[in-house]
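Peer 1: Could you look at this predicted model? Sequence included:
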Amino acid sequence: MSYYGARDLAASFSQVRGNTIQIAEEVPEDKYGFRAAPETRSIGQTLVHVALAPRVYVHLHRHRIGDLASVNFMELVAPIAAEEGQSRTKAEVVGLLKAERDAVASFLEGLTDDFLAETVVQPPGVDPATKTRFQMLLSVKEHEMHHRGQLMLLQRMIGLTPHLTRQMQERMTQRAAAAQPAR
């Protein structure tokens with residue numbers, strides 16, 4: 001019995017992307033060029049990277065590639081990298097995040113349990129040597145959450161409090177108020 005299937009994967013991805021979109025919406029457009037250090041992606045570049053990176057995974061699974069040693073990753077990633085390099089307004093970045101969320105979630109929703117259980121041979125030197133498609137597709141969400149952590153730190157650096165932090169602070173304030181004895 002499976003407790004976490006394609007629909008759950010799609011919903012979870014959509015929720016993670018929704019939080020990323022909220023960050024994209026809250027950061028002022030004039031701060032999209034901010035970067036923590038010269039050799040790092042800016043806020044805007046990180047958001048575009050997050051939007052486009054799942055295309056690699058969708059490609060691998062849509063084409064049912066079973067052995068990653070057969071994939072020319074440089075060739076696969078080149079058009080995505082070129083698209084990442086395009087200049088975009090804040091509205092275009094937010095639109096891209098939403099459009100790609102919808103495309104990825106739609107793809108994920110259509111997968112079967114049998115498909116998700118298939119194993120894929122990893123490139124030489126990767127441990128474990130095989131992963132299920134499900135494990136690989138979870139990586140899409142994990143990758144985004146990694147970068148969302150970076151984005152939340154960047155928000156702090158430009159003087160913003162991330163929405164997830166504000167929500168947690170509000171819950172803590174409500175709990176503290178509820179715990180106070182009535183006077």
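Peer 2: Ah, there it is.
Peer 1: now residue 94: how far from residue 20?
Peer 2: The spacing between residue 94 and residue 20, counted by Cβ to Cβ, to the nearest Å, is 10 Å. Any C-beta I mention is one placed from the backbone N, CA and C, and that applies to glycine too.
Peer 1: what do you get for residue 165?
Peer 2: Distance from residue 165 to residue 20, by Cβ to Cβ: 15 Å.
Peer 1: quick one on the thing from earlier: ok, residue 94 and residue 20, which is more surrounded?
Peer 2: Using other Cβ atoms under 10 Å, the more surrounded residue of residue 94 and residue 20 is residue 20, with 21 against 18.
Peer 1: Would you quantify the distance from that one to residue 130?
Peer 2: Plainly put, residue 20 is 30 Å away from residue 130 if you go by Cβ to Cβ.
Peer 1: In contact with the spatially most central residue of the chain, which residues?
Peer 2: The centroid of the chain falls nearest to residue 144 when counting by Cα atoms, centre = their mean (2.4 Å). Contacts for residue 144 (Cβ atoms under 8 Å, 6 or more residues apart in numbering) come out as 13, 16, 17, 20, 50, 53, 54.
Peer 1: which of those lies closest to residue 41?
Peer 2: When the contacts of residue 144 are compared for distance to residue 41 (Cβ to Cβ), residue 50 wins out at 9.8 Å.
Peer 1: what's next to the helix or strand containing the closest one, contact-wise?
Peer 2: Following DSSP states H and E, one finds residue 50 within helix 43-52. With Cβ under 8 Å, 6+ apart as the test, helix 43-52 has contacts from 20, 23-24, 27, 31-35, 41, 80, 83-84, 86, 88, 90, 93, 96-97, 100, 143-144, 147-148, 150-151, 154, 158.
Peer 1: do that again at 6 Å, thanks
Peer 2: The contact list for helix 43-52, computed with Cβ atoms under 6 Å, 6 or more residues apart in numbering, reads 20, 24, 27, 32, 34, 80, 83-84, 93, 96-97, 100, 144, 147, 151, 154.
Peer 1: And for stretch 68-78?
Peer 2: Contact with stretch 68-78 is made by 122, 123, as judged by Cβ under 6 Å, 6+ apart.
Peer 1: Identify each of the strands in the chain and give its residue range.
Peer 2: Secondary structure of the chain (DSSP state E): strands at 119-121, 130-132.
Peer 1: Need the ones you listed in TSV (columns: mean pLDDT and distance to residue 182).
Peer 2: Below are the strands of the chain laid out as TSV (pLDDT from 0 to 100; distance: least, Cβ to Cβ, whole Å):
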stretch	mean pLDDT	distance to residue 182
strand 119-121	98	59
strand 130-132	97	54
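Peer 1: wait, which of those is closest to residue 110?
Peer 2: strand 130-132 (17.1 Å).
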